[in-house]
Each structure stands twice: as structure tokens, then as C-alpha cells.
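>>> Sequence below, structure please.
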Amino acid sequence: MTVALLQNNEQNFQYILENYKEICYNVENAKTKYQNGSDVRIMAVTKTVEPEKINFAVAQGIKLLGENRVQEFLSKKEQYDPSAEVHFIGHLQTNKVKYIINDVSLIQSVDSLKLACEINRLAMKNGKKMNVLIEVNVGNELSKSGVGYGDCVSLIKDISLLENVSVKGLMAIPPIGCGEDEFERMHELFENIKAMNINGTDMQTLSMGMSGDYELAIKHGSNLVRIGTKLFGARKYFGG
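Predicted coordinates:
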């Protein structure tokens, strides 16, 4: 490895470290101010990020990784620090579930009964119970996946009947620049469903907030924020 490459790596690692410190500081302030110090998990979103940078972030304290793309995950997973927990957070096709069923602890992007049934089938086949979040298209945006806001409860009731799937909460990507209303709608939906005590569900997690709005999301009840660009910098293509 050349001296220039070593110096570049050191600069990249220092950049990640400083970003992580800032994120932790902001998260601590937000959860103290808005959630009485309740736990908020920080997820590192790893799309297009090299494994070396991801493992450095894990060494600094990141213990949760978010994968967007099945093929990219498969190309990188063997290089990851095994101490990190991995969630799948991207749009998931039913024919791709088989590739990740034994490598992730939770799937955050379940938005249909068809997908849930395939997860259930493969979880049963592999002798496990898969934890999932229901992805809600809170802004009803045509460009985004997710179940409609008004259809969320009925979908959860249907999925709750599946023996090898456990609904652990909700995930959402509020529209860019939407203000606080959509964030609060998600928080209200989460709390309302939790209060229903639907059999087969355990509403623990509201996954909401990314690099540009994670503090606002925490203000409105999020306890898992998904941060990529703010941690690793602008994305670039990762081959493989």
C-alpha cells in the first residue's frame, strides 16, 4: 500500500470519526430534550460504502448496519465485522428474500402481505422467526414504496397471523421538506397501533429520520435513525 493511499485512508477514517462524534452529540441532545433520555439507536446506512469504512465505524461504536441492496450486501457481507447487527432497509422483491433470510436480524421494508408471506415461508423453512417493520408511505408519494397510511393497520393484522414473522414496529421516509406534520402523523400511527395490542406484534421500533432530518425525527418519537451521507460522506458507486 502506497504512502498516499495510507494517508487518504487516514483522512477518510478521521472524517468518519468526526462525523460520528457530531451525530452522537446531536442524538444525545435531541433524545434528552424530546424523549427524556430514552434510547435511540444509530444505524449506519452502508449503500456504496466500502467495507473498510464500515468496519471502522463499527470499531468506533456503530453496532447497527442498514443494507439497501441485496446484491451489494452479498458482495460485502463476508468482509464485515461480525459484531455488527444488520437490518435490510431497501425495497425487497419476494424472489430475493432467500438470499438474506439467514444474514439479517430484521427486515424494515415490508409493505405487502405477499412479501410477508414469502418471508414467513422461508423463515419457517430455516427454523427461525423473522422480525420485521412495516414500511409506511406516509406522504403517499408515487416514487416511494410502502403501504399507504390508511392501510397500515389492516396489513399488520393480516401479517400478525403469520407464525414465523413478528412485527416489531414501523419504518418511514417522510417527504423531503414536508415539515413536522408528516413526522407527527407517523408517531401518532405508531402509538395508536401499539395501543391496540395486536396479537403477534410487539411495537418497539419507529425507524424514521435520515442524515438531513434525524433530529426532527427524534423530536417526533423515532427511536432508530438511519444515517449514511452524514456519517460516510457523499455516496459513490461500489462495484460488485
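
>>> what element comes up after the least confident helix or strand in the chain by mean pLDDT heading to the C-terminus?
Using mean pLDDT, DSSP states H and E, helix 3-34 stands out as the lowest-scoring helix or strand of the chain, at a mean of 86. Sequence order places strand 41-45 as the next helix or strand after helix 3-34, per DSSP states H and E.

>>> That following strand packs against which elements?
Applying 3 or more CB pairs under 8 Å, 6 or more residues apart in numbering; DSSP states H and E, we find strand 41-45 packed against helix 3-34, helix 51-60, strand 64-67, strand 224-227, helix 229-232. The way it works is simple: take the backbone N, C-alpha and C, and place the C-beta from them, glycine included.

>>> tell me the mean pLDDT for the last one?
Pointing back at helix 229-232 there. Throughout helix 229-232, pLDDT has a mean value of 96.

>>> in that helix, what counts as buried?
Residues Lys230, Leu231, Phe232 are the ones in helix 229-232 that count as buried (16 or more other CB atoms under 10 Å).

>>> And for the second one?
Applying a neighbour-count criterion of 16+ other CB under 10 Å, one finds Pro51, Lys53, Ile54, Asn55, Phe56, Ala57, Val58, Gln60 buried in helix 51-60.

>>> Okay, angle between it and helix 3-34 too, please.
Using axes from the mean of the first three to the mean of the last three CA atoms, to 10 degrees, the direction of helix 51-60 lies 50 degrees away from that of helix 3-34.

>>> sorry, back to before: reformat the helices and strands packed on strand 41-45 as CSV; add distance to Pro175.
Below are those laid out as CSV (distance: least, CB to CB, whole Å):
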stretch, distance to Pro175
helix 3-34, 21
helix 51-60, 28
strand 64-67, 20
strand 224-227, 16
helix 229-232, 18
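
>>> Quickly compare these and say which is most buried.
Of all the helices and strands packed on strand 41-45, strand 224-227 has the most neighbours on average by mean count of other CB atoms under 10 Å, namely a mean of 24.

>>> helices or strands next to that one in the packing?
By 3+ CB pairs under 8 Å, 6+ apart, strand 224-227 packs against strand 41-45, strand 201-208, helix 214-219.

>>> Can you say which of those is nearest to Ser160?
Of all the helices and strands packed on strand 224-227, strand 201-208 sits nearest to Ser160, with 5.3 Å by CB to CB.

>>> Rounded mean pLDDT for that closest one, please.
The average pLDDT within strand 201-208 is 97.

>>> And stretch 41-49, by the same measure?
97.

>>> Just give me how far the least confident helix or strand of the chain sits from the chain centre.
19 Å (CA atoms, centre = their mean, to the nearest Å).

>>> and the helices and strands packed on strand 224-227 as a markdown table, adding distance to Val132 and mean neighbour count?
Conversion of the helices and strands packed on strand 224-227 to a markdown table gives the following (distance: least, CB to CB, whole Å; neighbours: other CB atoms under 10 Å):
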| stretch | distance to Val132 | mean neighbour count |
| --- | --- | --- |
| strand 41-45 | 16 | 22 |
| strand 201-208 | 10 | 21 |
| helix 214-219 | 20 | 22 |
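
>>> Would you format the ones you listed as CSV with distance to Gln71 included?
As requested, the helices and strands packed on strand 224-227 are exported to CSV (distance: least, CB to CB, whole Å):
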stretch, distance to Gln71
strand 41-45, 16
strand 201-208, 23
helix 214-219, 27
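
>>> Can you pull the poorly scored residue ranges out of this structure?
1-8, 236-240 (pLDDT under 70).

>>> ok, 80 please
In the predicted model, the chain carries pLDDT under 80 at residues 1-10, 139-143, 177, 235-240.

>>> thinking again about what came up before, could you export the buried residues of helix 51-60 as TSV, including distance to Cys117?
Formatted as TSV, these follow (distance: CB to CB, whole Å):
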residue	distance to Cys117
Pro51	33
Lys53	36
Ile54	32
Asn55	35
Phe56	39
Ala57	35
Val58	33
Gln60	39
